[in-house]
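**Student:** Take a look and give me a structure for this.
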Amino acid sequence: MSDQRLIKISLDEQTLVRRNPDIEHERAVAIFDLLEDNSFVPVGDFAGPYSLHLSLSENRLVFEIRDGEDLQKLGTVGLSVTPFRRIVKDYFTVCESYFEAIKTASPSKIEAIDMGRRGLHNDGADLLRERLKGKIEVDDNTARRLFTLLCVLHIKG
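**Tutor:** The predicted model follows:
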């Protein structure tokens, strides 16, 4: 297993709002899956593994990168969240439809909504990879899970 990976992830507790069991489950699964398998390569002369603290501050998604022991700050990358607003809004709308559909809708309707949800999720992950280019290199699965965490941070109480 490469050292160019994340071994610890935390979300800003001041930004994070506990919303409902579905959202909490998504957050927990994204972090678990991310720690199990990821590729995270910050640009610079750094040796992994890494710890990552994610937060939203002044309309920016902030990646605070630390060494694996979480002792030394290695750098901070900030991305404007403005390019993500539409896709996050659309993703939330489709997710709400999905969570409602799984209660009563037919399997074919649930599958159609889920396909739309996954498509938006992939679009968000692609945008995240594009915005991180030249700052942090991540693979597709890492980008998908980081996009999930970006969405979780966007939820307002």
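
**Student:** going forward, measure contacts between C-alpha atoms and count neighbours the same way
**Tutor:** OK.

**Student:** Name the residues of stretch 60-74 that are buried.
**Tutor:** For stretch 60-74, a neighbour-count test (16 or more other Cα atoms under 10 Å) marks Leu61, Val62, Phe63, Glu64, Ile65, Arg66, Asp67, Gly68, Asp70, Leu74 as buried.

**Student:** Now do Asp37, the pLDDT please.
**Tutor:** At Asp37 the predicted local distance difference test score is 94.

**Student:** typo on my end, Arg19
**Tutor:** Taken from the predicted model, the pLDDT recorded for Arg19 is 60.

**Student:** Can we start the residue count at 34 from this point?
**Tutor:** All set: I'll call the first residue 34, so the last point we hit is now Arg52.

**Student:** Of the buried residues of stretch 93-107, which is the nearest to Leu186?
**Tutor:** Leu94 (8.9 Å; Cα to Cα).

**Student:** Leu44 versus that closest one, what's the distance?
**Tutor:** Taking Cα to Cα, to the nearest Å as the measure, Leu94 falls 11 Å from Leu44.

**Student:** joint contacts of these two?
**Tutor:** Common neighbours of Leu94 and Leu44 (criterion: Cα atoms under 8 Å, 6 or more residues apart in numbering): Leu87, Ser88.

**Student:** just the helices in this structure please.
**Tutor:** Secondary structure of the chain, counting by DSSP state H: helices at 54-69, 118-137, 140-165, 173-187.

**Student:** relative to helix 118-137, how tilted is the longest one?
**Tutor:** Calculated by axes from the mean of the first three to the mean of the last three Cα atoms, to 10 degrees, helix 140-165 forms an angle of 160 degrees with helix 118-137.

**Student:** With the shortest one instead?
**Tutor:** For helix 173-187 against helix 118-137, the angle between stretch directions is 90 degrees (the same axes, to 10 degrees).

**Student:** could you say what helices and strands helix 173-187 packs with?
**Tutor:** In terms of contacts (3 or more Cα pairs under 8 Å, 6 or more residues apart in numbering; DSSP states H and E), helix 173-187 is packed against helix 54-69, helix 140-165.

**Student:** switch the cut-off to 10 Å
**Tutor:** With contacts taken as 3 or more Cα pairs under 10 Å, 6 or more residues apart in numbering; DSSP states H and E, helix 173-187 sits against strand 39-44, helix 54-69, strand 83-90, strand 93-100, helix 118-137, helix 140-165, strand 169-171.
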